[in-house]
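S.K.: sequence first, predicted model second:
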Amino acid sequence: MSRERKVYTKEFKLMSVELSNTRSDLSALARELDITPALLYRWRKEYSVKQGSSFPGNGKVILSESEQELARLRKELRETQIERDILKKAVSIFSKSDTKYSGS
């Protein structure tokens, strides 16, 4: 039997993180909020790294301009490397076939 995934609002997550900063026993806080301690730790980590852009909703990550440019350049580099590898293989195949049949 599959369990339905719970969805928490951004406000709930922010409130949970703020409460966790004031409390020492995070396991007890997690039980009070009816969430797992691991989830609370993950929310705290995300908030400490991204601050205002944390918890965008629906898994859509909000990137800054420089992060967007970096992601675009990384994607372009991957595509260029794949194209280069394909061309290397093609050159290798054609150069082998040229020497094999050059006598006929």
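M.R.: Okay, I see it. Values in this document were obtained by computation on a predicted structure and should not be read as measured data. Numbers count the residues shown, from 1 in each chain.
S.K.: chain center to stretch 71-90, what's the gap?
M.R.: In terms of Cα atoms, centre = their mean, to the nearest Å, the centre of stretch 71-90 is found 21 Å from the chain centre.
S.K.: any buried residues in the helix ranked longest in the chain, and which?
M.R.: In terms of residue count, the longest helix belonging to the chain (DSSP state H) is helix 65-100. The neighbour-count check on helix 65-100 (16 or more other Cβ atoms under 10 Å) flags nothing as buried. Any C-beta I mention is one placed from the backbone N, CA and C, and that applies to glycine too.
S.K.: and stretch 9-23, by the same measure?
M.R.: Quick answer for stretch 9-23 (16+ other Cβ under 10 Å): 13, 16-17, 20.
S.K.: so what's residue 15 up against?
M.R.: By Cβ atoms under 8 Å, 6 or more residues apart in numbering, residue 15 lies in contact with nothing.
S.K.: secondary structure element for it?
M.R.: helix 10-22 (DSSP states H and E).
S.K.: that helix: what's the following helix or strand?
M.R.: Defined by DSSP H and E, the subsequent element after helix 10-22 is helix 26-33.
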